[in-house]
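J.: this one's sequence-less:
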């Protein structure tokens, strides 16, 4: 089984619409939050670098839904490394509802492509994925994924 980084989340009312379904944008927010918590936990040197001139630009996000979730559902957002390029990273996300009886249901699947950039906001240029970030992500590489 592939190893993944797990971000636990309990759905709140503010994340749902009037009929109780989770707003689409929250799935994308949870991807970002999962990525941030990974950096905090596994790559704190990158967090410090982000306060200097490293930027992680999100180039593309996607999410496909398989089942509805509602307020107070317990989720596990599971992040894996799909591709590690010279300047870009692609993450895969599984959104799993943790059922009270111990079962799990895959409710959505998403992806995110990120580019590493450096420089002031007006003149950023692509830069190599920092070695510390690549090393932190390596254990979470999806089986069959690749390095470019």
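T.: Received, thanks. The structure presented is a predicted model; accordingly, all values stated were derived computationally and were not measured. Numbers count the residues shown, from 1 in each chain.
J.: okay, now residue 113: neighbour count?
T.: 17 (other Cβ atoms under 10 Å). (Glycine included, C-beta is placed from N, CA and C.)
J.: quick one, longest helix in this structure?
T.: Looking across the chain with DSSP state H, the single longest helix is helix 24-42.
J.: what's the distance between the helix or strand following that helix and the middle of its chain?
T.: Sequence-wise, the next helix or strand downstream of helix 24-42 (DSSP states H and E) is helix 44-50. Mean-position distance between helix 44-50 and its chain equals 17 Å (Cα atoms, centre = their mean, to the nearest Å).
J.: thinking again about what came up before, check which residues of the longest helix of the chain are buried.
T.: Buried residues in helix 24-42, defined by neighbour count with 16 or more other Cβ atoms under 10 Å: 26-28, 30-31, 34-35, 37-39, 42.
J.: got it, and stretch 117-129?
T.: Within stretch 117-129, the residues that qualify as buried are 117-118, 124, 127, 129, counting by 16+ other Cβ under 10 Å.
J.: now the two most distant members of these.
T.: Maximum pairwise distance among those (Cβ to Cβ): 15.0 Å, between 124 and 129.
J.: the helix or strand containing residue 80 pairs with which strands, parallel or anti?
T.: Here residue 80, judged by DSSP H and E, is contained in strand 74-84. Partners of strand 74-84 in the sheet, by DSSP bridges, are strand 5-10 (antiparallel), strand 88-98 (antiparallel), strand 141-147 (parallel).
J.: helix/strand/coil for the closest residue to residue 50 other than its chain neighbours?
T.: Among residues not flanking residue 50 along the chain, residue 56 sits closest, at 7.1 Å (Cβ to Cβ, 6 or more residues apart in numbering). With DSSP: H, G, I helix; E, B strand; the rest coil as the basis, residue 56 sits in strand.
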